[in-house]
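K.L.:
Fold the following and give me the result.
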Amino acid sequence: MLTFESIKNHFDGLVAKGENASSTATNYTNTIFRILNELDGFEDIADCCNTRVVDHINETYDHPGTRQGVFIAFLRAINTYPDFKAVVNPAVLTSITEGFEQSKTEAKELSIQRQLTQTVERMDSILAKIEAHYPPLSDEVLLMNLYDEVAMRRDFDEILLVVGNPPESENRYINLATGELVIKNFNKTAKKYDALRHTLRPKMLKMAREVSASRSYLLVLKTDTLFKKMRSVVPGIGSQLLRKSKVSTATEGEKILNPEIRRELHSKMKHSPETQLSYRRELIQNDL
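P.N.:
So this is what the prediction gives:
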């Protein structure tokens, strides 16, 4: 009998064989668990999938990106797990596939619409607000200055502060002697791109050296915790907003035509040229 535990074990097996990233497998299993829980479908997963899952996803998740993510979790599970596929009606599998493709198209259209209509605050304006509100060497100010430098995703937890080069096994660190920031296991595109290696500007390096007297890592609090705190100062602040602000500020006006600027952003943010363009928004012009 198909059980949630067997589905989870299947994904664990895919991770062990290198066919799925661990984080992606966890996301898939969490998503499937959530849907089955919402439908009280654990006792008979096959019947739940064949009679209720598709309608529930379409009726419950209005945002196409969210809907796409739910459909792909079931699609990946069914298409890679023969025991699951054997109990799913082919017509239902077709509906799940069509639901995924449609929501994927709608998500892309929504992204384009937002790019054409949304605005974002300048990076220097956001930085100025955070620095005015928090103490000079606070985690909030350190994190914001780090995003002003390289604007990765949620990649700044557990950055070790060392003098000289640490052991090769160390994945995230700042060499306080040279000012080099190294992040090897960054999120999402780590398999596609080499490690981030960036020499910090004097301002950021000075702050890192000063806090190293009282701590071994750059930040005490987790990035997500800091974002939640900073939203009282900059509503909606997070890695995505800051990446949009970073790209939009750096490519303002005709700067978008400069290939050197685009290459520099690529090296600091570890994303594709297409993704870089998708982050660009109209800037809100504030008086600093």
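K.L.:
Secondary structure element holding residue 197?
P.N.:
Here residue 197 sits within strand 196-199, counting by DSSP states H and E.
K.L.:
what pLDDT, on average, does that strand get?
P.N.:
Taken as a whole, strand 196-199 carries a mean pLDDT of 90.
K.L.:
which of the residues in it are buried?
P.N.:
Within strand 196-199, the residues scored as buried using 16 or more other C-beta atoms under 10 Å are 196, 198. Placement of C-beta: from N, CA and C, glycine included.
K.L.:
Now do whichever helix or strand comes after it: everything it contacts.
P.N.:
Proceeding N to C from strand 196-199, the next assigned helix or strand is helix 202-211, under DSSP H and E. Applying C-beta atoms under 8 Å, 6 or more residues apart in numbering, the external contacts of helix 202-211 come out as 136-137, 141-142, 145-146, 148-149, 161, 174, 176, 179, 200, 218.
K.L.:
Show me which positions of helix 202-211 end up buried.
P.N.:
Buried residues in helix 202-211 (16+ other C-beta under 10 Å): 204-205, 207-209, 211.
K.L.:
Just checking the distance from stretch 31-39 to the centre of its chain.
P.N.:
When distances are taken as C-alpha atoms, centre = their mean, to the nearest Å, stretch 31-39 is centred 23 Å away from the chain's centroid.
K.L.:
give me the low-pLDDT residue ranges for the protein?
P.N.:
For the chain, the stretches flagged by pLDDT under 70 are 115, 117, 187-193, 285-288.
K.L.:
Quick test: name the residue nearest the centre of it.
P.N.:
Compute the mean C-alpha point of the chain, and by C-alpha atoms, centre = their mean the closest residue is residue 153, 5.4 Å away.
K.L.:
That one is in contact with residue 186, isn't it?
P.N.:
Yes: assessed by C-beta atoms under 8 Å, residue 153 is found in contact with residue 186 at 7.0 Å.
K.L.:
Let me have the buried residues of helix 202-211 in a markdown table, extended by distance to residue 20.
P.N.:
Formatted as a markdown table, the buried residues of helix 202-211 follow (distance: C-beta to C-beta, whole Å):
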| residue | distance to residue 20 |
| --- | --- |
| 204 | 36 |
| 205 | 39 |
| 207 | 39 |
| 208 | 36 |
| 209 | 41 |
| 211 | 38 |
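K.L.:
most residues in a single helix of this protein, which one?
P.N.:
helix 90-117 (DSSP state H).
K.L.:
Pull out the buried residues from that one.
P.N.:
In helix 90-117, counting by 16+ other C-beta under 10 Å, buried: 92-93, 95-97, 99-100, 103-104, 107.
K.L.:
following it, which helix or strand comes up?
P.N.:
Going down the chain from helix 90-117, the next helix or strand is strand 119-121, by DSSP H and E.
K.L.:
name the helices or strands packed onto that next one?
P.N.:
With contacts taken as 3 or more C-beta pairs under 8 Å, 6 or more residues apart in numbering; DSSP states H and E, strand 119-121 sits against helix 239-250, strand 282-284.
K.L.:
Give me the angle between the helix or strand harbouring residue 128 and helix 239-250.
P.N.:
Secondary structure assigned from DSSP H and E places residue 128 in helix 123-133. Relative orientation of helix 123-133 and helix 239-250, computed by axes from the mean of the first three to the mean of the last three C-alpha atoms, to 10 degrees: 120 degrees.
K.L.:
what does helix 123-133 contact?
P.N.:
Helix 123-133 has contacts (C-beta under 8 Å, 6+ apart) with 140-141, 144-145, 148, 230, 233-234, 237, 242, 245-246, 248-250, 284, 286, 288.
K.L.:
Quick check on those residues: which are buried?
P.N.:
Buried by 16+ other C-beta under 10 Å: 140-141, 144-145, 148, 230, 234, 237, 242, 245-246, 248-250, out of the contacts of helix 123-133.
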